[in-house]
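Visitor: one predicted model, sequence on top.
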Amino acid sequence: MTQTDTARGPLWGRTAASQQRRRDILLAGKKVFFQSGYQLASVDRIAEVAGTTKRTVYDHFGSKEALFAEVIAFAGEQFVGLLPSADDLPEAPAEGLRAFAARLAALVCAPDGLRFQRLVIAEAERHPAMGRALHETAVLGAERVLASYLGACVERGALRAHDAAATARIVLDVATSEPRLRGLLAITDAEADAIGERALDETITWLTERLAPEGGRERRRR
């Protein structure tokens with residue numbers, strides 16, 4: 001049981017109506033927290049935006065802290081939903097990895113995405129459940145999608161069997177870590193962008209050649 005599980009109120013998900021009310025509150029919470037930040041956002045304002053009462057918010061979530069952690073998880077799930085699924089990506093592994101990495105980097109480094117990350121980071125030291133919620137849903141969620149794609153590549157013989165989770169992490173770290181950090185620090189650097197693109201291309205080329213089926217590697221050596 002997670003920390004947010006223990007903080008949930010007595011009406012959590014009991015009926016279809018309460019599940020819809022939960023979604024309404026999460027959407028309202030996302031809007032208000034994004035606009036005002038965690039410290040300045042009030043449960044009264046969230047209840048007003050959700051078209052409900054403060055008591056109902058507490059009945060569903062138990063506390064403002066628990067609500068914020070759930071909002072983060074909800075936003076993380078929405079984020080993963082914006083990524084291409086394994087079935088949407090090109091069958092050629094190098095093309096699929098590049099397409100997924102490009103989409104992820106664009107979302108992670110978009111102005112609203114960076115602002116939301118700053119909001120969570122500002123509270124993560126005092127409220128670790130908030131940082132954990134973003135990491136488990138958005139970061140690990142993206143890795144799971146890409147690992148699923150790599151697994152599909154293995155199944156159809158486009159790649160050799162390998163640790164798909166580790167490969168996914170390598171690609172996504174190279175694609176997002178440095179541009180995300182620059183974005184969080186509000187640094188614009190076209191030269192760094194170009195280096196990052198080359199680093200990603202080199203990484204994907206090396207990985208796909210290393211993981212190519214034996215026959216494919218033989219053909220390339222000739």
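Guide: Right, received. Where do you want to start? Small disclaimer: the values here were computed from a predicted structure and weren't measured.
Visitor: now the helix or strand containing I25: buried residues?
Guide: Per DSSP states H and E, I25 falls inside helix 16-40. Within helix 16-40, the residues that count as buried by 16 or more other Cβ atoms under 10 Å are 18, 21-22, 24-33, 38. From N, CA and C alone the C-beta is placed, and that goes for glycine too.
Visitor: buried residues in the helix or strand encompassing G196?
Guide: Using DSSP H and E, the element containing G196 is helix 190-210. For helix 190-210, burial by neighbour count (16+ other Cβ under 10 Å) applies to G196, L200, T203, I204, L207, T208.
Visitor: which elements pack onto that helix?
Guide: Contact here means 3 or more Cβ pairs under 8 Å, 6 or more residues apart in numbering; DSSP states H and E; on that basis helix 190-210 packs against helix 93-108, helix 164-184.
Visitor: any buried residues in the last one, and which?
Guide: Using 16+ other Cβ under 10 Å as the test for burial, helix 164-184 gives 164-165, 167-169, 171-172, 174-176, 178-180, 182-183.
Visitor: and those residues, which two are the farthest apart?
Guide: With distances taken as Cβ to Cβ, the most widely separated pair in those is A164 and R182, at 28.4 Å.
Visitor: quick one on the thing from earlier: could I have the helix holding G196 exported to CSV, CA atoms only?
Guide: Provided in CSV are the C-alpha atoms of helix 190-210 (Å, rounded to 0.1, in the frame of the first residue of the first chain):
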residue,chain,number,x,y,z
ALA,A,190,21.4,25.5,-30.5
GLU,A,191,24.9,24.0,-30.5
ALA,A,192,24.0,21.8,-27.6
ASP,A,193,20.8,20.7,-29.4
ALA,A,194,22.9,19.7,-32.4
ILE,A,195,25.3,17.7,-30.3
GLY,A,196,22.4,16.0,-28.5
GLU,A,197,20.9,15.0,-31.9
ARG,A,198,24.2,13.5,-33.0
ALA,A,199,24.7,11.7,-29.6
LEU,A,200,21.2,10.2,-29.9
ASP,A,201,21.8,9.1,-33.5
GLU,A,202,25.1,7.5,-32.6
THR,A,203,23.5,5.7,-29.7
ILE,A,204,20.7,4.3,-31.7
THR,A,205,23.0,3.3,-34.6
TRP,A,206,25.3,1.5,-32.2
LEU,A,207,22.5,-0.3,-30.3
THR,A,208,20.6,-1.5,-33.4
GLU,A,209,23.8,-2.7,-35.0
ARG,A,210,24.9,-4.5,-31.9
